[in-house]
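J.: here are the coordinates; sequence isn't available:
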């Protein structure tokens, strides 16, 4: 897979965040880094940075991970031609890297796109701090229950 046109300038990420996709199929529990949404702190990003996410899927199920509000740059080793996606599929027992240009202030949902996995806890709130007119930041509103409003 390759992008037809580069959307973002090629640059090094400012930091890496590891997200271990965890769960138990028999007990039907899903989480990120072993912590369900209601017990987790939000992921805090700074407007203007480029963040590299490392997904480590420790489960035996595919998890299509979706970050609201910003594009995901799937690292397939193609540099500026890496594809831009809304949802990155993480196969069982694999590690996948994606980068995100943090270019939208506000609060955003980040979750497994299998809604029953998200509802069971494979969900995080992302808070983007700073940015233009940050007092009226956009929001992909996240409710206390973990769903989109």
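T.: Everything's here; your move. Note that the structure is a prediction, hence the values are computed from the model and not measured.
J.: for this protein, which strand is longest?
T.: strand 15-24 (DSSP state E).
J.: if you count neighbours, what's buried in it?
T.: Residues of strand 15-24 classed as buried: 19, 20, 21, 22, 23 (neighbour count, 16 or more other CB atoms under 10 Å). The C-beta positions use only the backbone N, C-alpha and C, and glycine is treated the same way.
J.: now the residue of the chain positioned farthest from its centre: how far from residue 38?
T.: Largest separation from the mean C-alpha position in the chain: residue 26, at 25.3 Å (CA atoms, centre = their mean). According to CB to CB, to the nearest Å, residue 26 and residue 38 sit 21 Å apart.
J.: where exactly do the strands run in this protein?
T.: Using DSSP E, strands in the chain cover 15-24, 29-32, 43-46, 50-57, 63-67, 72-74, 84-85, 87-90, 95-101, 106-112, 123-129.
J.: contacts only, for residue 29.
T.: 23, 36, 120, 121 (CB atoms under 8 Å, 6 or more residues apart in numbering).
J.: can you select the buried ones from those in ChimeraX?
T.: The buried residues among these can be selected in ChimeraX (16+ other CB under 10 Å) with this line:
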select :23,36,120,121
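J.: the contacts of residue 29: which two are farthest apart?
T.: 23 and 36 (9.6 Å; CB to CB).
J.: what residues are up against the spatially closest residue to residue 92 that is not a sequence neighbour?
T.: Among residues not flanking residue 92 along the chain, residue 60 sits closest, at 4.8 Å (CB to CB, 6 or more residues apart in numbering). Residue 60 sits next to 25, 92, 93 when contact means CB under 8 Å, 6+ apart.
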